[in-house]
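Chemist: task: produce atomic coordinates for the following.
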Amino acid sequence: TTNAMTDLLAAMNSLEQGVEKTHLEISIKEAEKVLVRADKYSSLGNLEEAVANGKAVLANEDADQETVSAAATAILNELRKAVKNADLSSLESLIKSAKKLQNGNYTSNSLAKLDEVIKAAEAVVANKNRTAKEVNKAYSDLIDALIENNIEPYITLYHWELPYELYKKGGWMNRDIAEWFGEYAGLVAERFSDRVTHFFTLNEPQCFVGLGFLTGVHAPGLKCPVRDTFEMAHNALRAHGRAVQMLRQHAKQPLTIGYAPTSGIIYPASDRPEDIEAARKKYFSMPEDDSNWTWNVAWWSDPVLLGKYPEEGLKKYEKYLPKITEEDMRLISEPIDVYGQNIYNGRAFRMGADGNPEEVGRVPGAGKTAVNWPVTPECLYWGPKFLYERYKKPIYITENGMACHDVVSLDQRVHDPNRIDFLARYLHELKRAAEEIDLRGYFQWSLMDNFEWEKGYAERFGIVYVDFETQERILKDSAYWYRDVIQTNGRDL
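Modeler: Residues are numbered from 1 along each chain as shown. A predicted model of the protein is given here:
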């Protein structure tokens with residue numbers, strides 16, 4: 001879009017012979033459209049000054065052709081610098097203006113060039129509109145298919161798919177991302193909230209900030225200064241708040257809106273009150289290692305649900321913090337309805353002899369998944385319980401599951417008893433929690449084997465096996481087992 005608009009401005013600026021006042025008038029009108037939307041552009045340079053000069057030339061009845069041409073050229077040159085952030089509506093507007101010049105008194109060569117560039121720009125608009133319609137239809141069809149099969153759709157707005165063009169503008173380091181994300185949320189609400197009532201804003205901000213920009217494990221694989229990652233985290237939370245506002249503003253019916261961070265659960269090594277308190281204290285504390293600071297609960301959830309960053313973190317990370325305003329905190333703490341948490345495993349803690357929490361190591365040979373994550377069913381009781389006590393919001397488990405060494409057996413089926421055992425143990429603990437807290441739902445990760453970020457296609461989390469070469473799907477034994485769990489709502493767990 002930006003390239004097409006730049007090319008069009010260049011063609012308009014290259015019209016030879018007899019530059020008319022009409023050309024200058026069009027240049028001024030296009031520039032004024034940009035000036036009205038100044039907040040959409042990173043820099044407008046001397047555009048305002050060029051427009052003022054153009055208006056003065058236009059008002060001067062004695063202005064010669066050279067003066068008119070120079071004024072139009074100055075405006076178009078400034079516009080070319082400004083359109084680094086061009087959007088589709090700006091390009092469509094410029095096309096209409098350029099077409100008005102096609103009947104002007106210009107050389108045939110320059111008019112032919114203008115005609116060629118206009119057609120190319122129109123092709124860009126048509127392609128982008130077609131692509132947007134196709135994407136919209138794909139999601140819309142999926143929603144309809146789910147509803148037709150009595151499956152209630154839930155939408156997560158962001159699961160780490162940051163558009164590359166926004167990444168080039170600074171991505172999460174740019175404060176404007178809150179508005180960008182808000183606009184996107186509003187668009188999603190306009191298109192889908194007639195049928196979908198449940199929305200989550202961000203999925204695992206600890207991961208897309210921490211693993212993407214602090215440790216560099218996930219894409220884009222950067223190891224940024226710690227200070228930068230705190231800026232990103234703050235902007236991500238601001239984006240969450242803006243999305244909540246825009247979802248409600250554009251909703252076509254009342255919505256249930258949530259937020260889905262993650263955590264490694266800290267659970268007590270025993271039922272002794274002192275061990276429970278030790279686990280609770282450790283779970284909501286800040287990490288000792290600043291190089292892995294993002295892996296915690298309170299920094300990401302206290303601002304959203306309690307309206308403030310945790311005092312321990314404000315003191316510990318003071319030297320890294322960006323400017324945090326009261327307006328920011330009001331935005332971040334925009335009221336939500338439910339609270340999601342992605343939970344896979346945890347660590348056991350007890351109260352040490354010195355009065356501080358201490359970890360209790362696992363026994364040799366304890367269960368682990370195909371990606372070497374520990375199997376700790378207790379986390380799905382204690383995690384939701386601790387989170388509900390602190391934040392007092394209805395809980396969803398927005399991800400839980402395991403990777404297994406799945407293969408297609410000689411009988412052409414996929415037998416995954418480890419996954420069935422894992423889910424049975426974890427869901428049994430969650431069922432216990434549901435007797436004590438307001439638990440709204442559970443999402444198993446995942447339906448199908450899929451691309452697991454830095455692990456690629458090597459690890460299989462799905463309950464449906466995918467042959468990545470043929471795209472054949474095979475329901476694993478766990479899929480049939482889980483179907484029965486759904487039908488009985490966990491009665492036999």
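Chemist: in terms of helices and strands, where is the spatially closest residue to Thr67 that is not a sequence neighbour?
Modeler: Nearest residue to Thr67 in three dimensions, chain neighbours excluded: Val57, at 5.7 Å (Cβ to Cβ, 6 or more residues apart in numbering). Using the backbone N, CA and C atoms, a C-beta is placed for each residue, glycine as well. Taking DSSP states H and E as the criterion, Val57 maps to helix 47-59.
Chemist: buried stuff in that helix?
Modeler: 47, 50-51, 53-54, 57-58 (16 or more other Cβ atoms under 10 Å).
Chemist: contact partners for the residue nearest to Thr67?
Modeler: 24, 63, 67-68, 71 (Cβ atoms under 8 Å, 6 or more residues apart in numbering).
Chemist: kindly recompute the last result at 6 Å.
Modeler: For Val57, the contacting residues are 63, 67-68, 71, by Cβ atoms under 6 Å, 6 or more residues apart in numbering.
Chemist: now, these that are in helices?
Modeler: Among those, the members falling in helices (DSSP state H) are 67-68, 71.
Chemist: now do the strands in this structure.
Modeler: Assigned by DSSP state E, the strands in the chain fall at 154-158, 198-203, 256-260, 265-268, 339-342, 346-351, 357-360, 395-399, 439-442, 464-466, 473-475.
Chemist: what strands line up against the fourth one, and which way round?
Modeler: Going back to what we said before, that points to strand 265-268. strand 346-351 (parallel) (DSSP bridges).
Chemist: what lies in contact with the strand it pairs with?
Modeler: 264-267, 269, 274-275, 278-279, 282, 357, 359-360, 376, 379.
Chemist: just the CA coordinates for that strand, please, in PDB.
Modeler: Extracted C-alpha coordinates of strand 346-351, given in PDB (Å, rounded to 0.1, in the frame of the first residue of the first chain):
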ATOM      1  CA  GLY A 346       4.500 -26.600  38.600                       C
ATOM      2  CA  ARG A 347       7.000 -27.000  41.500                       C
ATOM      3  CA  ALA A 348       6.500 -28.100  45.100                       C
ATOM      4  CA  PHE A 349       7.500 -25.700  47.900                       C
ATOM      5  CA  ARG A 350       7.400 -25.900  51.700                       C
ATOM      6  CA  MET A 351       8.300 -23.500  54.500                       C
END
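Chemist: report the mean per-residue pLDDT for it.
Modeler: Averaged across strand 346-351, pLDDT comes to 98.
Chemist: stretch 160-175 now?
Modeler: 94.
Chemist: do the same with stretch 73-83
Modeler: 74.
Chemist: C-alpha coordinates for it, CSV please?
Modeler: Output in CSV follows, covering the C-alpha atoms of stretch 73-83 (Å, rounded to 0.1, in the frame of the first residue of the first chain):
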residue,chain,number,x,y,z
THR,A,73,6.0,19.6,-6.2
ALA,A,74,6.9,20.7,-2.7
ILE,A,75,3.6,19.4,-1.3
LEU,A,76,3.9,16.1,-3.2
ASN,A,77,7.5,15.6,-2.0
GLU,A,78,6.5,16.1,1.6
LEU,A,79,3.6,13.7,1.1
ARG,A,80,5.9,11.0,-0.3
LYS,A,81,8.0,11.3,2.9
ALA,A,82,4.9,11.0,5.1
VAL,A,83,3.2,8.0,3.5
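Chemist: quick one on the thing from earlier: which one of the ones in helices among the contacts of Val57 has the most neighbours?
Modeler: The residue in the ones in helices among the contacts of Val57 with the most neighbours, by other Cβ atoms under 10 Å, is Ala71 (26 neighbours).
Chemist: what about this structure, any weak spots by pLDDT?
Modeler: Filtered on pLDDT under 70, the chain yields the residue ranges 2, 9, 13-20, 37-44, 82-88, 105-108, 110.
Chemist: report the central residue of it.
Modeler: Tyr158 (2.7 Å; Cα atoms, centre = their mean).
Chemist: how about the nearest residue to that one, chain neighbours excluded?
Modeler: Closest to Tyr158 by Cβ to Cβ, 6+ apart is Leu202, at 5.1 Å.
Chemist: also Ser93?
Modeler: Lys33 (6.2 Å).
Chemist: neighbours around the one you found, how many?
Modeler: 15.
Chemist: from Ser27, how far off is it?
Modeler: 11 Å (Cβ to Cβ, to the nearest Å).
Chemist: likewise Cys404?
Modeler: 64 Å.
Chemist: looking at the two, which one has more neighbours?
Modeler: Ser27 (27 against 24).
Chemist: next, the contact list for the more buried one, please.
Modeler: 72, 75-76.
Chemist: let's see that with 8 Å instead.
Modeler: For Ser27, the contact set (Cβ under 8 Å, 6+ apart) comprises 12, 54, 71-72, 75-76, 79.
Chemist: same question for Leu166.
Modeler: 174, 177, 180.
Chemist: could you do Leu58 as well?
Modeler: 21, 24-25, 28, 71.
Chemist: ok, so of those residues, who is nearest Phe213?
Modeler: Phe213 has its nearest neighbour among the contacts of Leu58 in Ile28, at 42.9 Å by Cβ to Cβ.
Chemist: packing partners of the lengthiest helix in the chain?
Modeler: For the chain, the helix that runs over the most residues, judged by DSSP H, is helix 108-148. Here helix 108-148 touches helix 2-13, helix 88-99, helix 177-192, going by 3 or more Cβ pairs under 8 Å, 6 or more residues apart in numbering; DSSP states H and E.
Chemist: dump the ones you listed to TSV, plus mean neighbour count and distance to Trp453.
Modeler: Formatted as TSV, the helices and strands packed on helix 108-148 follow (neighbours: other Cβ atoms under 10 Å; distance: least, Cβ to Cβ, whole Å):
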stretch	mean neighbour count	distance to Trp453
helix 2-13	20	30
helix 88-99	17	31
helix 177-192	19	21
